[in-house]
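Novice: Let me see the structure of the following:
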Amino acid sequence: MKTTATTISALAACALAAGCAGVNEPTVGPTGAPRGGTCDAKPAQSAVGQNSTAKVVEAARVRSGAMIARILRPGQMITKEFDAQRLNLEVDANGRIVAVRCG
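Specialist: Numbering: from 1, shown residues only. This is a model prediction of the structure:
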């Protein structure tokens, strides 16, 4: 009887652990382009001067190798933590990209 209770407890612990396992990130972004990892802003510098359309932002993200991209508007409050997987696209009041950097 003790062995059965031990086995059931062990199985319950395994099921609980499996349910808490992390969800895998998708391997492609919303456009079907591969998701990246660590950001490198240099290949994405060609976005400077372009309008910050979804297509331009996604192309810059893919070129940089970043996992995500965000647009930083003038006067917008932003978080200051550094994220090596994030591409930051700074835009002017007209939505034109003025700077590209990682973080």
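
Novice: Would you mark the buried spots in the helix or strand hosting Arg63?
Specialist: Per DSSP states H and E: Arg63 is located in helix 54-64. Neighbour-count burial for helix 54-64, counted by 16 or more other CB atoms under 10 Å, picks out 56-64. Heads up, the C-betas are built off the backbone N, CA and C, glycines and all.

Novice: Report the two of the residues you listed separated the most.
Specialist: By the measure CB to CB, Val56 and Ser64 form the most distant pair in those, at 12.5 Å.

Novice: Which stretches in this protein count as helices?
Specialist: Using DSSP state H, the helices of the chain run over 2-19, 54-64.

Novice: pLDDT (mean, whole number) over the longest one?
Specialist: Averaging the model's pLDDT scores along helix 2-19 yields 48.

Novice: can you check the last one too?
Specialist: Across helix 54-64, the average pLDDT comes to 97.

Novice: Can you spell out which helices and strands pack onto that helix?
Specialist: Packing partners of helix 54-64 (3 or more CB pairs under 8 Å, 6 or more residues apart in numbering; DSSP states H and E): strand 68-72, strand 86-91, strand 97-102.
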